[in-house]
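>>> Generate a structure from the sequence data that follows.
(one chain, ligands or ions: 1)
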Amino acid sequence: MAVNMYTILALAAVLAPVASQETIHARCTLEPTGDNRVIGYVDFIDHPLYGLYVDVIIQDAEPGTHGVHVHTYGDLSDKATGTATGGHYNPYAEEHGCYPGPRKVGDMGNVIVNADGKGQYVELENSLMRLRGETNVLGRGLIFHMLEDNCVRTPAGDVSAGPRQAQCVIGRVKPDAAKTRLVLAAWKDRARAKQILGIVNGTLL
Ligand SMILES: [Cu+2]
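Okay, the predicted model is just below:
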């Protein structure tokens, strides 16, 4: 009896920190700035153990390579330029870079837009940017840029991606059970992740 009780207490101690943390879902629905036409959305799924899954889906964009990042403020009031969102979210005063290398928390990477104007960019396990804790990006802004992010590690590296063509605010959404199952399967079988997630024309990092 005593052994059983200790076993239960030990199990509870191990499981409690995980059980108390839920999977958190968020979305950012891009709206074009100024005369731009690009639209799209970014989905975030934050799992307490695996980290953050980020999925950027773009359409009606100019073919080419476009930087995307989380910027400091969820302020979309500058409809012409998107600059009210501030610079890249950088709580640790880091130099610029791109996922998955050393970088600012808000630094991500590039969406490759095909001739049909569509592009997809997925980060499978971003452990630096989260929807919880110290580096929570809920309520912050996200920007889709006109040009390629060159990922150069300098404090001024942010400027390479050029003007801001679309912006959005990251907000919490209702969990998507079907998508969560797919992402969990991808986390558990990284080698087949692209196939599991059905990414045909897109980048998975
Ligand atoms: Cu940016």
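>>> residues contacting G74?
G74 makes contact with 85, 139-141, 169-170, according to C-beta atoms under 8 Å, 6 or more residues apart in numbering. Any C-beta I mention is one placed from the backbone N, CA and C, and that applies to glycine too.
>>> again but with I143, I slipped
Counting by C-beta under 8 Å, 6+ apart, I143 touches 68-69, 71, 82, 85, 164, 166-167.
>>> now swap in G141 and tell me
Contact partners of G141, counting by C-beta under 8 Å, 6+ apart, are 70-76, 82, 85-86, 167-170.
>>> Return the member of the residues you listed nearest to the ion.
Comparing these against the ion with C-beta to the ion places H71 closest, at 5.7 Å.
>>> gap between the residue nearest the centre of the chain and P155?
Geometric centre of the chain, nearest residue: V54, 3.7 Å, by C-alpha atoms, centre = their mean. Distance, V54 to P155, using C-beta to C-beta, to the nearest Å: 24 Å.
>>> And for Y53?
Taking C-beta to C-beta as the measure, Y53 falls 29 Å from P155.
>>> same question, I112
Per C-beta to C-beta, I112 is found 26 Å from P155.
>>> Have a look at the two and say which one is more surrounded.
I112 (18 against 11; other C-beta atoms under 10 Å).
>>> What count of nearby residues applies to A166?
Once other C-beta under 10 Å is used to define contacts, A166 is seen to have 26 neighbours.
>>> which residues touch it?
Contacts were defined as C-beta under 8 Å, 6+ apart; by that measure A166 touches 30-33, 36, 38-40, 82, 143-144.
>>> Could you rerun that using 7 Å?
Remark: with contacts taken as C-beta atoms under 7 Å, 6 or more residues apart in numbering, A166 is in contact with 30-33, 36, 38-39, 144.
>>> These: which two are farthest apart?
Distance extremes for these: the farthest pair is T33 and I39 at 11.5 Å, using C-beta to C-beta.
>>> For the ion, what's its nearest residue on the chain.
Distance from the ion to each residue of the chain (C-beta to the ion) is smallest for H69, at 3.4 Å.
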